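[1] Structure of the sequence below:
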Amino acid sequence: MITMAMNMNTMITVTGITITPMTDFRSNTALVRLMTWLSPAFPVGAFSYSHGIEHAVHGGLIHNKDTLHAWLTDLLHRGSIWNDAVLFAASWQDATEGNTCQYIAALGEAMAGSKERHMETMLQGTAFLQAIGPWDVISPEPVSEVPYPVAVAMISARNGIALEAGLAAFLHAVLSNLIQGAVRLVPLGQTHGVALMAAMEQPILTVAQRAAASCLDDLGSTAILSDIMAMQHETQYSRIFRS
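    This is a model prediction of the structure:
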C-alpha cells in the first residue's frame, strides 16, 4: 500500500513504513546542491581512492559482502569515517560563526594516519574548493589545502545547509565510493553493492545524528587494522587505486 499527498508537509506511508518530510533540508535547492557536490561527477577524484580497502582485499581480509560490511561498519562507528564526521560537524559550526576553520583543518590534516590517507583527504578537499566556485557565497580567503570533510562542511554552512543533512549526505557519499571500489576489487556483484548501501542507511543516519552533537574531544579511532592496510598499500607492487 502506498499513500502519498500533494502537500510536502504530509507524511507518506509506503508499505506500512511512515516517512516524515526531511525538514532539515530548508529547500529543494539545498538537496540538489548536496547531490551535485557529492556526486561521482564532481571533480574531486574520489573514484581513485580505496581508503586502504584495496590492500585489505589483497590480503584476504575483505573477501565477500559480509567482511566488507563489517569493515565499513567499523570505519563508520569507530574509525576514520567517524573522525571525518566529527571534523565535519566542528567545521560546520565554525563556518556558521563566520570563521575560516583553519585550526580544524590543521587538526584534520595532522590526524591523517599515513602518507596515502593524507593525500586522499587533502587532495580531495583542495579539489572540492577549487571546483565549488559558483556556490562559494563568501570566500573570505583564497583556496588552500583543506581536508575533504572540512571543505564540504564549510561550503555547506555557507550555503545554509543544515548540519545533520549535510553530514548524512557526506557519509553516504564516502561509503558509496568505497563500496563501488570494493565491488570491482573483491569482486562483488552490483546487487551486493546496492544491498550494502541499503544496510548502511540507518547506521549513516545514526552516526550523522551522533556526530552533529559531537565536539573535537570525541575524535579518536580504534580501527587500527584499516590504518595498517593504508600504510601497506603504499608499497603494494600492483594496484588500481591511489590509496
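
[2] Please give me every residue in contact with residue 220.
    residue 83 (Cβ atoms under 8 Å, 6 or more residues apart in numbering). Heads up, the C-betas are built off the backbone N, CA and C, glycines and all.

[3] For it, what are phi and psi?
    Torsion angles at residue 220 (phi, psi; degrees, to the nearest 10) stand at phi 160, psi 150.

[4] ok, then the element right after the helix or strand where residue 88 lies?
    Using DSSP states H and E, residue 88 sits in helix 80-96. Using DSSP H and E, the helix or strand that follows helix 80-96 in sequence is helix 102-110.

[5] Mind checking the pLDDT average for that next one?
    Per-residue pLDDT values across helix 102-110 average out to 95.

[6] And stretch 73-92, by the same measure?
    Here the average pLDDT along stretch 73-92 is 97.

[7] what's the answer for stretch 170-185, then?
    Mean pLDDT, computed over stretch 170-185, is 96.

[8] mind listing what's buried in that stretch?
    170-183, 185 (16 or more other Cβ atoms under 10 Å).

[9] Which ones among those residues map onto helices?
    Counted as lying in helices by DSSP state H, out of those, are 170-183, 185.

[10] per-residue confidence at residue 98?
    What the model reports for residue 98 is a pLDDT of 89.

[11] Show the pLDDT at residue 25.
    At residue 25, pLDDT is 44.

[12] Repeat that for the one 4 residues further on.
    What the model reports as pLDDT for residue 29 is 84.

[13] Which strand or helix spans it?
    Going by DSSP H and E, residue 29 is in helix 28-37.

[14] cool, and residue 164?
    Assigned by DSSP H and E, residue 164 falls in helix 163-185.

[15] so what secondary structure elements neighbour the helix or strand just after that helix?
    Once the chain leaves helix 163-185, the next helix or strand it forms, by DSSP H and E, is helix 190-212. With contacts defined as 3 or more Cβ pairs under 8 Å, 6 or more residues apart in numbering; DSSP states H and E, helix 190-212 has these neighbours: helix 65-78, helix 80-96, helix 163-185.

[16] ok, back up a step: what about whatever helix or strand comes next after the helix holding residue 29, distance to the chain center?
    Downstream of helix 28-37, the next assigned helix or strand under DSSP H and E is helix 53-58. Put simply, helix 53-58 sits 20 Å off its chain's centre (Cα atoms, centre = their mean, to the nearest Å).
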